[in-house]
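Asks: Sequence and predicted model, in that order:
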Amino acid sequence: MPRRTAGHCRIVCLFATIFIAGWPLLARPADSAMPPLLVVWPPEGTSVGGERIRVGGRTDRDAQVTVNGKPMRVFASGAFAGTCPLSVGDNRILFRASKGDRVTTAARTVRRATPLQTLPETPVRFDPNYDGQPSEDLVVRFGDVILIRVKGSPSQRATFRVGSGETQYPLVPVSRYGVAGFYEGAYQVKPTDRFVEARVTCYLNPSKGSRESAAQMRTPGKVTVDGDPFPRVAQAREDYTRLRAEAHRGAPLLAARKGTLLNVDGRVGNLLRVALTPSLHGWVAREAVEMIEDEPLLRRGTVQDVHIIEERSATVVRIPLGLRVPFVVKESPQCASLELTLFGVENHLNWITDHTSRGWVAAVSASPSADASCKFDISLRNGGLLGYRTYYDDTDLCVALRPPLSPPADPARPLAGRTILLDPGHGGGSSGTVGSTGLDEKVVDLEMAQELRRLLEARGARVRMTRSDDVDVSLATRARQAEDDGDLLVSLHNNSIALTGDPLAARGTGVYYYYPHSREAAHAIYRRMLRVEPPPEPYGVVTADLYIPREITAMPSVLLECLFLSNPEDEMLLLDKAFVQRDMEAVAAGIADWFSSAAAEPAAENR
């Protein structure tokens, strides 16, 4: 179950750590006639910001359960689930399972953080529950804009200053989240600024005639100005080094390959700002790169010749550059072309030579720019792109294009000879989510993958798996396995709601993908999964920023959220081996449907 926001979010690794510390224990009284009580949700000591928290666990199917006196439905599996309202501060949640006069109890303590509220206008003060921004240390340069935000008594005159400077700048009152009393402003770094770990001090000044004193506070982040006119040089430590468009929660921008040189010109906390062009920046985690002290500054690659060659079964566009530069690839919605943008290059393009016999690449055109970037448009004859792999061979950038599928020798066996990579989610120390009965997602993910493997092999497919046992496999390792060989990747997961969500409100089947060349495979599998008996709730086909569909470009890749493990009715289906078999039969049929469609005869003209 990959990470996502409320409504379709996974429980993140940090939460998994908390969960292990408060792992559910089955309350078994000395008298075996007493009803058992396993509390799974919430983990002991959890802290949330919402008005409610998810509760759930397991008892005997004929027991009655209350949570803080509220009756809970007990399902045929013995699972119970729902929500419990929370007050601000510490909350004690009492679970009670009873059978007649026999009662078993358990308790959990959770904390609800104080929500932001509008303060009274007097006394004039800053809100102690809001730290303000900048909240992290910053390293900035001339021209950068520092955003300031604080919260306090509304309807006041607010100002700020940076460091020991005497000038105070205005903060504008705004409302956020329906709460008044926020004040926002900005400071643009000047050429004369020499801040070294300077603090931002904010003031709330009472109206004229008031006898109150001005309130003041310092935001947590310290500001340092880097006066060096040149950026520092960093190098990506590994493949799949992700740069994002914003420092926090930014959209994916590009993935740098191992050894790619990056120009670093700023920092927010543990995130480095990378200059791609004068107007385009990306952000990368500090631990993902290595700072290079002896690397010449502002080195650029050189675009001179482009070669289109054949290597194994792929058509490869090879661009010698002289060093490894960052780049981004965008795929057209119709899978008919790729747009490749190189950053930090000089364009001396001379020859574009097609050495292939198949002539699948219709044209490669280049669009130079004045900002040390170069954009290539790679147009494919008759479309049909099913993936691409980008890699560096020394300092030559290679884009290997996956051609359309050949028609099967026997149309009645569309999977014969195809290679399918199955990726059971989680494993080892990563349990994924946990159902109310205590069922680990990693267990059912692997069981589903093993069943699907059996069904696919029976149809003639060659199946590889990213894991076959309960072991840890990193996401990067899973992605690298997909680059070795394969025609399709299917990642198997089961979903969960957020810790503050209602486990009874969300259920059903969803299929996730990222790139256009994976869209048809996602829809084909989803259509079949909705036909299984009993039919699951349709959650949808979702374009999602998830690691496996996003980082695997070499073949169509989809991620299945088969059911919601957080929903007791869906969990009962996952405990039913017969249903799991029917569900995987539907997935296998959807995979076969897609291969039949993708390998249709008209696509053969592309080869």
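Replies: Yep, it's here.
Asks: so how far is stretch 68-83 from its chain's centroid?
Replies: Per C-alpha atoms, centre = their mean, to the nearest Å, the displacement of stretch 68-83 from the mean C-alpha position of its chain is 32 Å.
Asks: ok, the residue nearest to residue 217 when sequence neighbours are not counted - how many residues close by?
Replies: With sequence-adjacent residues excluded and distances taken as C-beta to C-beta, 6 or more residues apart in numbering, residue 217 is closest to residue 126, at 4.4 Å. C-beta: built from backbone N, CA, C; applies to glycine. Around residue 126 sit 23 other residues, with neighbours defined as other C-beta atoms under 10 Å.
Asks: Surely residue 126 touches residue 204?
Replies: Yes: because the distance of 6.6 Å satisfies C-beta atoms under 8 Å, residue 126 is recorded as touching residue 204.
Asks: Quick check: neighbours shared by these two?
Replies: By C-beta atoms under 8 Å, 6 or more residues apart in numbering, residue 126 and residue 204 have these common neighbours: 152, 215, 216.
Asks: Just give me the closest of those residues to residue 521.
Replies: The shortest separation between residue 521 and any of the shared contacts of residue 126 and residue 204 is 53.0 Å, and it belongs to residue 152 (by C-beta to C-beta).
Asks: how near is the closest residue to that closest one other than its chain neighbours to residue 133?
Replies: With C-beta to C-beta, 6+ apart as the criterion, residue 152 has its nearest non-adjacent residue at 4.1 Å, and that residue is residue 126. In this structure, residue 126 and residue 133 are 13 Å apart, going by C-beta to C-beta, to the nearest Å.
Asks: One more: residue 235?
Replies: Going from residue 235 to residue 133 by C-beta to C-beta gives 31 Å.
Asks: What of residue 121?
Replies: 23 Å.
Asks: Neighbours of residue 353, how many?
Replies: A total of 13 residues lie near residue 353 under the criterion other C-beta under 10 Å.
Asks: Give me the buried positions along the strand or helix carrying residue 377.
Replies: When elements are defined using DSSP states H and E, residue 377 is found to belong to strand 373-380. If you call a residue buried by 16 or more other C-beta atoms under 10 Å, then strand 373-380 has these buried ones: 373, 374, 375, 376, 378, 380.
Asks: Check stretch 109-118 too.
Replies: Buried, per 16+ other C-beta under 10 Å, within stretch 109-118: 110, 112, 116.
Asks: Export the residues you listed as TSV, with columns for distance to residue 261.
Replies: Putting the buried residues of stretch 109-118 into TSV (distance: C-beta to C-beta, whole Å) gives the following:
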residue	distance to residue 261
110	47
112	47
116	43
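Asks: Columns secondary structure and pLDDT on top of these, output as a markdown table?
Replies: Supplementary listing: those in a markdown table, determined by DSSP: H, G, I helix; E, B strand; the rest coil; pLDDT from 0 to 100:
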| residue | secondary structure | pLDDT |
| --- | --- | --- |
| 110 | strand | 98 |
| 112 | strand | 97 |
| 116 | coil | 92 |
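Asks: of those residues, closest to residue 255?
Replies: Comparing every one of these with residue 255 (C-beta to C-beta), the shortest separation belongs to residue 116, at 36.2 Å.
Asks: Now for that closest one: which residues touch it?
Replies: Residues touching residue 116, when contacts are defined by C-beta under 8 Å, 6+ apart, comprise 127, 129, 130, 151, 177, 179.
Asks: How much space separates the closest residue to residue 136 other than its chain neighbours from residue 247?
Replies: The shortest distance from residue 136 to any residue other than its chain neighbours is 3.3 Å, reached at residue 269 (C-beta to C-beta, 6+ apart). Residue 269 is 8 Å from residue 247, where distance means C-beta to C-beta.
Asks: can you check residue 294 too?
Replies: When C-beta to C-beta is applied, the distance between residue 294 and residue 247 equals 28 Å.
Asks: With neighbour numbers in mind, choose between the two.
Replies: When residue 294 is set against residue 247 and neighbours are counted by other C-beta under 10 Å, the residue ahead is residue 247, at 20 against 5.
Asks: ok, now which ones touch that one?
Replies: Each residue near residue 247 by C-beta under 8 Å, 6+ apart is listed here: 268, 269, 271, 273, 283.
Asks: Tell me the buried residues within these.
Replies: For these, burial is judged from neighbour counts taken by 16+ other C-beta under 10 Å, and it is met by 268, 271, 273, 283.
Asks: Please tell me I have it right and the third one contacts residue 253.
Replies: No: checked against C-beta under 8 Å, the pair residue 273 and residue 253 is beyond contact range at 11.8 Å.
Asks: Give me the common contacts of the two.
Replies: Listed contacts common to residue 273 and residue 253 are residue 282; contacts here mean C-beta under 8 Å, 6+ apart.
Asks: Now render the buried residues of strand 373-380 as JSON lines, adding distance to residue 501.
Replies: Written out in JSON lines, the entries for the buried residues of strand 373-380 read as follows (distance: C-beta to C-beta, whole Å):
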{"residue": "373", "distance to residue 501": "43"}
{"residue": "374", "distance to residue 501": "46"}
{"residue": "375", "distance to residue 501": "43"}
{"residue": "376", "distance to residue 501": "45"}
{"residue": "378", "distance to residue 501": "43"}
{"residue": "380", "distance to residue 501": "43"}
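Asks: Shouldn't residue 578 be within a strand?
Replies: No: assigned with DSSP: H, G, I helix; E, B strand; the rest coil, residue 578 falls outside any strand and is helix.
Asks: neighbours around it, how many?
Replies: Per other C-beta under 10 Å, the neighbour tally for residue 578 reads 8.
Asks: And it, what's its pLDDT?
Replies: Looking at residue 578, its pLDDT reads 98.
Asks: Any regions of this protein where pLDDT drops low?
Replies: In the prediction, the chain carries residues with pLDDT under 70 at positions 1-32, 209, 601-607.
Asks: Show me how it divides into domains.
Replies: The chain breaks down into these domains under automatic domain parsing: 13-112, 138-225, 232-292, 301-401, 419-598.
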